[in-house]
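no sequence for this one, just the structure:
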């Protein structure tokens, strides 16, 4: 265990050094992030811009902003911590250099997942904090301590879910090899998580709750912050995503076992 | 470069591009499926309009059906006007592969344009089911005048011209900067908000609605979509298409100027 901690420290340090080498990128990333944050927030201003408009059923302006803030948080985590490492795997698979990773005397999934971090994407967390601030000023109240705790827990769960989904996609990459733009596909499906899940109805709702659990990722933490998430749902969310992570791990081990190397 | 020689090569270039599109069909399908935003926005807006129609700036009523038709049209338009030259140029400048293109007796911009246009038949094929759904479920929200459809074709080409030459202009900045992909990101974010991609421009407050008429974005998505869904009459449409081609001409001029001064700095480093 300590060995893995030390390994993590080493891998993380390379990312830090790399980020420090391109210090100026922090400002560029933050500036561009502002534009993307605007694309997430502007539609809500339009939806609620006119008092006569009914808005999203069951969600006030402030409440929907909380969902968007959760979305921006997770997007920063996704871009900063999950995407870069797994993009590296896709490159490895295509070039056939994954063999070198597999030969190393440590768990391959651990090695590839921690190999790269885009540290400057923390600017996304700052933007999320701003939107959270806006939202709770609009609501004119503060979340309860229990709400904050369970929301943080749920955001952790969401990160685990995103990570597991990614592992599943990578396992697919072992089979189809040519998956350059899968990162892009994944990011655009995640885009659906930016609105409260009540906008989805019928089979789409089922799909986004159980197959690709986007509802769990952003709507549940927001509801926890707003103090209207039932304890039972919290329990189900945690149990469900732990199972999901287990399945993803099993699939990864399976596909690694069948990996026959791309060979250049 | 002799212009007529270039014209004779166009069919061949298109054929090569089409073969490429067929070869990378799986990748192209992933790109198509990744265009989820119009569908996500459709779900948002239909749920907003479920209780009562949304009222636009000019008093237009937007019911669920109108939103469904609008965003299906957005999906179709977005597929057919897309361009990716900016990423290609950035990549080739950095890798030095542009040197190969410069050696050919043809302007590189023409070859980028042709390989881009050659993808359109396949992309059009992919949009067929979406068109079918649009016609089958929302025929009340589709233009019926054939002259409007003719104008739609003209506006689609204009929209593609704008998208493509913005790509070339931003791509040419890669000659001056290390990489201009981040500038493209900023453009895309602005495009999302002001083009009518996320919501019909009717729903903007009046002053913003008026501003969009003077920005290029509106002519990329909203104009063809509004023609398709019968929101624009022939006369109004003609005026807007004229402005659209004004923007296209301006962008062609800008991107050619940037390209010309950029190529002079090109050193073909890398491979």
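Nice, I can see it. Only a predicted model underlies this, so the values are computations on that prediction, with no experimental measurement involved.

need the residues of the stretch 1-150 of chain A near chain B, please.
Contacts of the stretch 1-150 of chain A with chain B, taken as Cβ under 8 Å from any Cβ of the partner chain, map to A:28, A:31-32, A:35-36, A:38-39, A:42-43, A:46-47, A:49-50, A:52-57. From N, CA and C alone the C-beta is placed, and that goes for glycine too.

Can you pick out the ones from these that are in helices?
Using DSSP state H, the members of the residues of the stretch 1-150 of chain A next to chain B that fall in helices are A:28, A:31, A:32, A:35, A:36, A:38, A:39, A:42, A:43, A:46, A:47.

Kindly list the longest helix within chain B.
With secondary structure taken from DSSP H, chain B has its longest helix at helix B:234-263.

Mind listing what's buried along that one?
In terms of neighbour count (16 or more other Cβ atoms under 10 Å in any protein chain shown), helix B:234-263 has its buried residues at B:237, B:240-241, B:243-245, B:247-248, B:251-252, B:255-256, B:258-259, B:262.

Give me the lowest-pLDDT entry from the residues you listed.
Minimum pLDDT across these is recorded for residue B:262, with 90.

what pLDDT does residue A:178 get?
pLDDT for residue A:178: 60.

Doesn't residue B:58 belong to a helix?
No. Assigned with DSSP: H, G, I helix; E, B strand; the rest coil, residue B:58 falls outside any helix and is coil.

Kindly provide the distance from the closest residue to it other than its chain neighbours to residue A:53.
Of all residues not flanking residue B:58 in the chain, residue B:202 sits nearest, at 6.4 Å (Cβ to Cβ, 6 or more residues apart in numbering or on different chains). Counting by Cβ to Cβ, to the nearest Å, the gap from residue B:202 to residue A:53 is 12 Å.

in the chain, which spans are helices?
Here I'm looking at chain A. With helices called from DSSP H, chain A shows them at A:2-21, A:25-47, A:61-77, A:83-95, A:98-103, A:108-113, A:122-139, A:145-176, A:182-190, A:202-206, A:214, A:220-225, A:231-257.

Oops, wrong one, chain B.
Along chain B, the stretches classed as helices by DSSP H are B:3-23, B:25-33, B:37-48, B:64-80, B:85-95, B:98-103, B:108-117, B:120-137, B:146-172, B:181-194, B:206-212, B:222-228, B:234-263.

Next, count neighbours for whichever residue of the stretch 51-200 of chain B sits closest to chain A.
In the stretch 51-200 of chain B, the residue found nearest to chain A is residue B:189; the distance is 3.6 Å by Cβ to the nearest Cβ. Neighbour count for residue B:189, taken as other Cβ atoms under 10 Å in any protein chain shown: 20.

And the contacts of stretch A:165-182?
The contact list for stretch A:165-182 (Cβ atoms under 8 Å, 6 or more residues apart in numbering or on different chains) reads A:82-83, A:86, A:89-90, A:93-94, A:109, A:186, A:212, A:248-249, A:251-252, A:254-256, A:258-259, A:262, B:26-27, B:30-31, B:34.

Tell me the buried residues within these.
A:82-83, A:86, A:89-90, A:93, A:109, A:186, A:212, A:248, A:251-252, A:255, A:259, B:30-31, B:34.

what stretches of the chain score poorly on pLDDT?
With no chain named, the answer covers chain A. Within chain A, the segments meeting pLDDT under 70 span A:176-180, A:261-264.

could you do chain B instead?
Within chain B, the stretches with pLDDT under 70 are B:1-6, B:268-271.

Spell out which residues of it are next to chain A.
Residues of chain B lying close to chain A by Cβ under 8 Å from any Cβ are B:26-27, B:30-31, B:33-37, B:40-41, B:43-45, B:47-52, B:54-55, B:182, B:185-186, B:189-190, B:192-193, B:198-199, B:203-205.

From those residues, keep the buried residues only.
Looks like the residues of chain B next to chain A have B:30-31, B:34-37, B:40-41, B:43-45, B:47-49, B:54, B:185-186, B:189-190, B:192-193, B:198-199, B:203-204 buried, using 16+ other Cβ under 10 Å.

ok, residue B:89 - how many residues close by?
Neighbour count for residue B:89, taken as other Cβ under 10 Å: 27.

show me the contacts for it.
When contacts are counted by Cβ under 8 Å, 6+ apart, residue B:89 is found next to B:98, B:112, B:167, B:168, B:171, B:172, B:174.

Could you do residue B:162 as well?
Residues counted as contacts of residue B:162 (Cβ under 8 Å, 6+ apart) are B:216, B:219, B:220, B:244, B:247, B:248, B:251.

In a markdown table, list those residues along with distance to residue A:132.
Formatted as a markdown table, the contacts of residue B:162 follow (distance: Cβ to Cβ, whole Å):
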| residue | distance to residue A:132 |
| --- | --- |
| B:216 | 34 |
| B:219 | 36 |
| B:220 | 33 |
| B:244 | 40 |
| B:247 | 39 |
| B:248 | 42 |
| B:251 | 39 |
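
which residues does the residue located most distally from the centre of chain B contact?
Relative to the centre of chain B, and counting by Cα atoms, centre = their mean, the farthest-placed residue is residue B:51 at 33.2 Å. Taking Cβ under 8 Å, 6+ apart, we find residue B:51 in contact with A:54, A:57.

run the last query once more with 6 Å
Residue B:51 makes contact with residue A:54 under the criterion Cβ atoms under 6 Å, 6 or more residues apart in numbering or on different chains.

And for the residue located most distally from the centre of chain A, nearest residue in space, chain neighbours not counted?
Within chain A, the residue lying farthest from the chain centre (Cα atoms, centre = their mean) is residue A:52, at 34.7 Å. Leaving aside its sequence neighbours, residue A:52 sits nearest to residue B:55 (Cβ to Cβ, 6+ apart; 6.1 Å).

and residue A:154, how many neighbours does it have?
As a burial measure, residue A:154 scores 27 neighbours (other Cβ under 10 Å).

That one is in contact with residue A:220, isn't it?
Yes. Between residue A:154 and residue A:220 there is a contact under Cβ atoms under 6 Å: 5.1 Å.

nearest residue to residue B:119 other than its sequence neighbours?
Among residues not flanking residue B:119 along the chain, residue B:21 sits closest, at 4.6 Å (Cβ to Cβ, 6+ apart).

mind listing what that neighbour touches?
Residues counted as contacts of residue B:21 (Cβ under 6 Å, 6+ apart) are B:118, B:119, B:122.

need those residues in CSV with neighbour count, can you?
Converted to CSV, those look like this (neighbours: other Cβ atoms under 10 Å in any protein chain shown):
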residue, neighbour count
B:118, 19
B:119, 22
B:122, 16
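
Make JSON lines out of those and add distance to residue B:136.
Converted to JSON lines, the contacts of residue B:21 look like this (distance: Cβ to Cβ, whole Å):
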{"residue": "B:118", "distance to residue B:136": "30"}
{"residue": "B:119", "distance to residue B:136": "27"}
{"residue": "B:122", "distance to residue B:136": "23"}
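
give me every residue that touches residue 224.
Here I'm looking at chain A. The contact partners of residue A:224, taken as Cβ under 6 Å, 6+ apart, are A:147, A:150, A:151, A:154.

my bad, chain B
By Cβ under 6 Å, 6+ apart, the residues touching residue B:224 are B:77, B:152, B:155, B:156, B:159.

can we see that at 10 Å?
By Cβ atoms under 10 Å, 6 or more residues apart in numbering or on different chains, the residues touching residue B:224 are B:73-74, B:76-78, B:80-81, B:151-160, B:196, B:232, B:237, B:241, B:244.

again with residue A:208
Residue A:208 sits next to A:189, A:192, A:193, A:197, A:199, A:200, A:214, A:215, A:216, A:217, A:219, B:43 when contact means Cβ under 10 Å, 6+ apart.
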